[in-house]
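Chemist: What follows is a protein structure lacking sequence information:
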């Protein structure tokens, strides 16, 4: 049997005091034996169990990843998409000054009345005019490859492909001027056909606001295209974005009063935003409903002045 030796202070206490009870003695003995053990931290009810140093604690269930992050859905600010109604029956001029064209509603589609200014093919300083006829020539729809309606004019002498914009259309083909042999006239229909530039001065603020909305949509659209592309496509998108401004400047530099009004730049920016939406596969935004006019509020009539005596 092992002999337990108590400290000197305990033997003195036992000698000097006869009133110590067995229960007190047992508590003191237990405290002395427990002193050699390593102290453990206090653990409150409901707390997480203590982990010794160097051990790993499992993450709570809420922090455990449930799977790969979902890809972000591309988005763009809403823009106004053009329709044929914006130009149907309205006279349009090349660069807001020359020639005349109008899209006419036919029984099964649309037709284009078209007259273009040019120069004589054997003397490029002498002006001439080519009229494609008094009746509208049927145009063939080509869907929306660039996000806006596209049509082709069925004229063998000069097949013209154009995109419908808001209140204008942009001729994207032919890539070279056309020589109309029967009229000995060389015409170049490429560029923007819009309203007479002299009629746009009163719409400057409206056109400026439209361009601002389109600029923001183009910027966000390019960000969305870049986010979903690999490194090679991202470089191509960056070059396209940098070249858009110079391309717009090249097309719009001949539009009348462009520096003061900015009609051509606004319409081309809207067309670019529509093209990016189509590339992202985004649905077409719903057309905005016109706001009803506010009812006039009747104001009380001012009291009649009191005549002075």
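Modeler: Here it is on my side, so go on. Here the structure is a predicted model, which means the values were calculated and not measured.

Chemist: lowest-pLDDT helix or strand in the protein?
Modeler: Lowest on mean pLDDT, DSSP states H and E among the helices and strands of the chain sits helix 22-34, with a mean of 45.

Chemist: List of residues touching the longest helix along the chain?
Modeler: Taking DSSP state H as the criterion, the chain has its longest helix at helix 204-227. With CB atoms under 8 Å, 6 or more residues apart in numbering as the test, helix 204-227 has contacts from 72, 74-80, 166, 200, 234, 237-238, 241, 244, 260-263, 265-266, 269-270, 272-273, 276-277, 279-280. C-beta here means a position set from N, CA and C on the backbone, and glycine is covered the same way.

Chemist: ok, now stretch 81-95?
Modeler: Contacts with stretch 81-95, where a contact means CB under 8 Å, 6+ apart, come from 99-105, 110, 116-117, 147-149, 164-169, 189, 191-197, 254-256, 264, 270-271, 274, 284-285, 287.

Chemist: Now the terminal residues of that stretch, how far apart.
Modeler: This stretch, stretch 81-95, spans 21 Å end to end (CA to CA, to the nearest Å).

Chemist: what does stretch 133-142 give?
Modeler: Termini of stretch 133-142 sit 23 Å apart (CA to CA).

Chemist: I'd like the numbering to begin with 43 instead of 1 from here.
Modeler: In the new numbering, first residue 43, that becomes stretch 175-184.

Chemist: Show me what counts as buried in that stretch.
Modeler: Buried residues in stretch 175-184, counted by 16 or more other CB atoms under 10 Å: 178, 180, 181.

Chemist: Point out where the stretch 193-342 of the chain drops to low pLDDT.
Modeler: Within the stretch 193-342 of the chain, the stretches with pLDDT under 70 are 327-342.

Chemist: the strands in it, which residues?
Modeler: For the stretch 193-342 of the chain, the strands defined by DSSP state E, counting those that start in this stretch cover 202-207, 210-215, 220-222, 227-229, 233-236.

Chemist: give me every residue that touches residue 175.
Modeler: Counted by CB under 8 Å, 6+ apart, residue 175 has contacts residue 155.

Chemist: measure it to residue 154 for me?
Modeler: Residue 175 sits 10 Å away from residue 154, going by CB to CB, to the nearest Å.

Chemist: and what of residue 164?
Modeler: Counting by CB to CB, the gap from residue 164 to residue 154 is 28 Å.

Chemist: How is this protein divided into domains?
Modeler: 126-237, 241-322 (automatic domain parsing).
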